[in-house]
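**Q** Structure for this input, please:
(chains A and B)
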Amino acid sequence: MRPLKITAWLYDNVVTTDGYLPLDSILADEYIRRRHKDIYYGPRIPGGVTGDLIVPDLPFEKRGSGDDWYWACSFNTATPTMEYISYWHKRFDDHLSKYLDLEGKSGRINITSGEYKNYRMPKICKVYPALVWYAVGDKVGVEDLCRGVVAIGKKTSQGEGFVKKWEVEEIGDDHSEIGLEGELTRALIELPEGAKNYRLGCYGIKPPYWLQENKRVAYVPLAKEARRIVGSM
Amino acid sequence: MKKLRPNLFKGHKYFDVHLLGVYKLLEPLSHIGETRSIESFLIRSFVNDENMQPKETFKYQANAVRGAFRDCVFIYLCNKLNICIPKKQFHMLFSGGSIDSDTKVDTKQHDMLRRFLPALSIIGTATGDSTMRGKLIPGNLYPLVRENQNILPDEFRSDNAPPFRKCTQMYRFNRTDDEKNDNLRKYMAEPDPGQKKIAANERLQIEGEAEPPKEERKKDEKAQQMLYFIEGLNAGTILIQHMYLRDVTELEIGAWVSGWTEFSKAPFLGGNNGKGFGLCAVEFRYQNAGDQEWLGTLLNIGPDGRLALSTEAKEAKDKYDKHLLDIYNKFLESADNKQRIAELISGVTADETA
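**A** Next up, the predicted model:
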């Protein structure tokens, strides 16, 4: 296990609100896709886990003790160069109505409420030249898992967050918890000595980060603001 | 001949396919982001240039391709099976479905649904209390313009690529008031004088006591003539798209091919197709995801609209067609098939298709 710097070069933007994009979570998803396809492509209940929780064996150093263990892997440390709002739309295509069997009922489709409601939903797009993470782990193992990740963040099925290239390099110092400028780089229960730029909050310490059982009162890095914010596009 | 390399998982063959779509616009492309008065503009976006600075450019959004493709695969399915679909199931196929906490869909039903409808498996949907993850990951379409050079595959890069703004133009449209056309006015029915109602203020005007109020005059004379502009990406522009099919079976590849087969019947991208926008030719190259070497062209829709399938694409589509025929023969041959198809699509009749 060696200190690593992992870079994902992007095509354009990632859809994310806080920009944390924890790499251990991204690689856990890829691990499950490879080894547990039946679970990965099984029913996904919003906010729940289907079956037993899979704890992936990631190529990162495991730290902490008991239930408070976590992977030695930072959140994304890069700053977005720009932020803008894009929209996705949903509407009823009336030209397809010939394939609709109304079963003798009213032909009226309600597009103002219910399942056929038309939508114009915003996406917060952050433009990064690259996403950068620091970790302590096995370079070959991390490279192998990264190769299978083609897109990052929300709305990847809509073309967002596509990765152009991955780079994994060994570095001298471990920045998985404290960054190059002393800033906190991941959620931690105990604050490392000398850490800067953090807040206290309730946050996950290991994947899946959204799972209530993985959340703790923890020190969390401050989200990085984009250098330039433009409005809707 | 090199072919796609399967991965084995629990005795089943899965493929990870990376596709590169090369679209050539035969007509201008309209993809409106903002409208100001009588002008509609192409949607704007940002990409990183080689100095890692964001540059304003245009991209045709993957979600638009995905939506059109979703329609195509299910139109193909409905036509092949000769069926219309009840409202709820129609929404599940054509609009992506919705979460309904009253209906539980278990793992077995979910798995059956994937096998029964490979097209749904690649596109994804929501049914019952859960969502079905799609296996298709489409990228955005990037035109070969100067701003996008940093993100294009090497062979499509050029130092002489024009800037984005030189690849667009405003297209002017007129809407004429045919009531004012003497040649056409004779076909307009005259209002029946006996039925004509005279408003109070109009009566006053006849009697010479008042002018009709201005508001009423405007209401009576609805403006028909119109001049408007639509910004389009010029015909001849080439756009590039990365697309991934992950963990797909051969039947699912066949379903993907069936979507493009349907698309080839009217190969239009974007909006305003009725005004001469969006006609395109498209070619998809393919490789095993993660490899460097392209295996060839999987399918091609030429400028003449003709569809050409590679051997691998044709084999996959033939298997998919046979799968649909089997469904028809097994479940839909009888006249009373409405309930059957609703149950099948909802994943209720798991045992019969297993």
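
**Q** what's the pLDDT at A:Arg147?
**A** Taken from the predicted model, the pLDDT recorded for A:Arg147 is 94.

**Q** Could you double-check that it lies in contact with B:Gly290?
**A** Yes - counting by CB atoms under 8 Å, A:Arg147 touches B:Gly290, with 5.4 Å between them. (Each C-beta comes from the backbone N, C-alpha and C, glycine too.)

**Q** Would you agree A:Asn76 falls within a helix?
**A** No - following the definition DSSP: H, G, I helix; E, B strand; the rest coil, A:Asn76 is coil and is not counted among the residues of a helix.

**Q** quick one: contacts for it?
**A** Neighbour list for A:Asn76: A:Gly19, A:Tyr20, A:Leu21, A:Pro22, A:Leu23, A:Tyr128, A:Leu131, A:Val132, A:Trp133 [criterion: CB atoms under 8 Å, 6 or more residues apart in numbering or on different chains].

**Q** With respect to chain B, which of those residues is nearest?
**A** Checking the contacts of A:Asn76 against chain B with CB to the nearest CB, the nearest one is A:Tyr128 at 7.8 Å.

**Q** Which parts of chain A are helices?
**A** Secondary structure of chain A (DSSP state H): helices at A:23-35, A:37-40, A:139-147.

**Q** How far does stretch B:312-324 sit from its chain's centre?
**A** The gap between where stretch B:312-324 is centred and where its chain is centred comes out at 22 Å by CA atoms, centre = their mean, to the nearest Å.

**Q** Buried residues, that stretch. List them.
**A** Going by neighbour count (16 or more other CB atoms under 10 Å in any protein chain shown), the buried part of stretch B:312-324 is B:Glu312, B:Ala313, B:Glu315, B:Ala316, B:Lys317, B:Lys319, B:Tyr320, B:Asp321, B:His323, B:Leu324.

**Q** Distance to chain A for those residues - can I get that in CSV?
**A** Conversion of the buried residues of stretch B:312-324 to CSV gives the following (distance: CB to the nearest CB, whole Å):
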residue, distance to chain A
B:Glu312, 21
B:Ala313, 22
B:Glu315, 23
B:Ala316, 19
B:Lys317, 21
B:Lys319, 20
B:Tyr320, 19
B:Asp321, 19
B:His323, 18
B:Leu324, 15
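
**Q** From these, which land in strands?
**A** Residues from those lying in strands, with DSSP state E as the criterion: none.

**Q** would you list those residues in CSV and tack on pLDDT?
**A** CSV is the format used below for these (pLDDT from 0 to 100):
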residue, pLDDT
B:Glu312, 94
B:Ala313, 95
B:Glu315, 95
B:Ala316, 96
B:Lys317, 96
B:Lys319, 96
B:Tyr320, 96
B:Asp321, 95
B:His323, 93
B:Leu324, 90
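
**Q** where's A:Tyr11 relative to B:Arg115, distance?
**A** Computed with CB to CB, to the nearest Å, the distance linking A:Tyr11 and B:Arg115 is 34 Å.

**Q** Neighbour count: the two, which is higher?
**A** Each of A:Tyr11 and B:Arg115 had its neighbours counted (other CB atoms under 10 Å in any protein chain shown), and the higher figure belongs to A:Tyr11 (24 against 15).

**Q** Can you list phi and psi of that one for me?
**A** phi -70, psi -50 (degrees, to the nearest 10).

**Q** how far away is it from chain B?
**A** In this structure, A:Tyr11 and chain B are 5 Å apart, going by CB to the nearest CB, to the nearest Å.
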